[in-house]
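only geometry, no sequence info:
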């Protein structure tokens, strides 16, 4: 009896309805009577139609709910998502109240990051093409904010910064028919401090590798390493906000939704960890061309944000 009571207290409503419905279905074929010497049970050739119909309805509802639990992903805890002006936002509660992760639609180079951080992806070679190809998010950002005579000095500063961090890089063949070149590894981040208090600190972080016969390649693990490096720099420089694109989805080859889920989960985990209270605003920018829909549909962005933060919060 104790085991039955324990099961009842743990069972979800759909499972309880399913069990009750099955019991009532069986009961619709039984006739219960009362005689002088006690209760009598007799099997019916035809069921009690009223009871059978009611029991069948309860069983169908219970089975539908059970199926939904098993196969729809309802078991995943989702947190509340709010609509903001240009996207969606999740606000943390409890001891992380005041922190938030937002996913917005637009172009990173047009986002006003204020005195926070703007994180920009590069490959592990930190080669010139990462900064000069305006078809990439980093190239477009540099063309917008460091155009003209300012571009080459900033590229040289970034490359000098990574060489100072990694003094013994691995030598690799990045392209067929070319000599080996230094690869500094994924997750390496170089901060470029702003010249004024109104400009953001730019972090150039490697999120992909470039190798002969493979090309540029990015993985989920690379994104977690990149987020960890950005968070560390934010803590060191006492900066509480960051804006970044969806890493790894361009030449890196990662699926857009997978990359977004990885970033949302990584930043939510960083915020929830001890010391993560210094992160107040994370703004992930999903690329949206002019007069065209965004690269990730808004309904999917909302679900990814709710699920990614929800899994970490629980």
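In hand now; what should we look at? The structure displayed is predicted, hence computed values, not measured ones.

can you pull the pLDDT of the residue positioned nearest the centre of the chain?
Against the mean C-alpha coordinate of the chain, by CA atoms, centre = their mean, the closest residue is residue 261 at 2.2 Å. Looking at residue 261, its pLDDT is 96.

please enumerate the helices of the stretch 151-300 of the chain.
Assigned by DSSP state H, counting those that start in this stretch, the stretch 151-300 of the chain shows helices spanning 151-165, 220-236, 256-272, 298-313.

got a list of contacts for the shortest one?
Contact partners of helix 151-165, identified using CB atoms under 8 Å, 6 or more residues apart in numbering, comprise 126, 128, 131-132, 142-143, 146, 169, 184, 188, 190-192, 204. Quick note: C-beta positions are derived from backbone N, CA and C, even for glycine.

on that earlier part again, tell me how far the residue nearest to the centre of the chain lies from residue 187.
Going from residue 261 to residue 187 by CB to CB, to the nearest Å gives 19 Å.

about what we covered before: out of the helices of the stretch 151-300 of the chain, which gets nearest to residue 48?
Closest to residue 48 of the helices of the stretch 151-300 of the chain, according to CB to CB: helix 298-313, at 45.0 Å.

quick one, longest helix in the chain?
helix 49-71 (DSSP state H).

that one: which residues count as buried?
For helix 49-71, burial by neighbour count (16 or more other CB atoms under 10 Å) applies to 52, 55, 58-59, 62-63, 65-66.

sorry, back to before: closest to residue 277 out of the contacts of helix 151-165?
For these, the minimum distance to residue 277 (CB to CB) is 21.1 Å, reached by residue 191.

could you chop this structure up by domain?
2-71, 82-313 (automatic domain parsing).

so which of those domains is the most surrounded?
With neighbours defined as mean count of other CB atoms under 10 Å, the domains of the chain peak in mean count at domain 82-313, which reaches a mean of 18.

from the chain's centroid, how far away is it?
14 Å (CA atoms, centre = their mean, to the nearest Å).

all strands of the stretch 101-250 of the chain, in order?
Taking DSSP state E, counting those that start in this stretch as the test, the strands found in the stretch 101-250 of the chain are 117-123, 170-172, 181-183, 189-192, 201-211, 215-217, 241-245.

of all these, which lies closest to residue 80?
Short answer: strand 241-245, nearest of the strands of the stretch 101-250 of the chain by CB to CB, at 21.3 Å.

what residues does the longest helix of the chain touch?
So helix 49-71 is contacted by 12-25, 27-28, 74-75 (CB under 8 Å, 6+ apart).

if we use 7 Å, what do you get?
Helix 49-71 has contacts (CB atoms under 7 Å, 6 or more residues apart in numbering) with 12-15, 17-18, 20-22, 24-25, 27-28, 74-75.

tell me which of the residues you listed fall in helices.
Per DSSP H, helices hold the following members of these: 13-15, 17-18, 20-22, 24-25, 27.

can I get the residues you listed in a markdown table with pLDDT and distance to residue 284?
Listed next are the ones in helices among the contacts of helix 49-71 as a markdown table, based on pLDDT from 0 to 100; distance: CB to CB, whole Å:
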| residue | pLDDT | distance to residue 284 |
| --- | --- | --- |
| 13 | 81 | 36 |
| 14 | 80 | 35 |
| 15 | 82 | 38 |
| 17 | 87 | 40 |
| 18 | 86 | 41 |
| 20 | 87 | 46 |
| 21 | 86 | 45 |
| 22 | 89 | 47 |
| 24 | 86 | 51 |
| 25 | 85 | 51 |
| 27 | 83 | 55 |
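
columns distance to residue 268 on top of those, output as CSV?
Below are the ones in helices among the contacts of helix 49-71 laid out as CSV (distance: CB to CB, whole Å):
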residue, distance to residue 268
13, 29
14, 29
15, 31
17, 34
18, 35
20, 39
21, 40
22, 41
24, 45
25, 45
27, 49
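
just these now: which is nearest residue 297?
residue 14 (29.8 Å).

please report the distance of the closest residue to that closest one other than its chain neighbours from residue 286.
Using CB to CB, 6 or more residues apart in numbering and skipping the chain neighbours, the partner closest in space to residue 14 is residue 65 (2.7 Å). Distance, residue 65 to residue 286, by CB to CB: 34 Å.

and what of residue 85?
Taken as CB to CB, the span from residue 85 to residue 286 is 14 Å.

low pLDDT regions in the stretch 201-314 of the chain?
Low-confidence segments of the stretch 201-314 of the chain, defined by pLDDT under 70: 314.

returning to what we had before: which of the contacts of helix 151-165 lies closest to residue 225?
Closest approach between the contacts of helix 151-165 and residue 225, by CB to CB: residue 188, at 8.6 Å.
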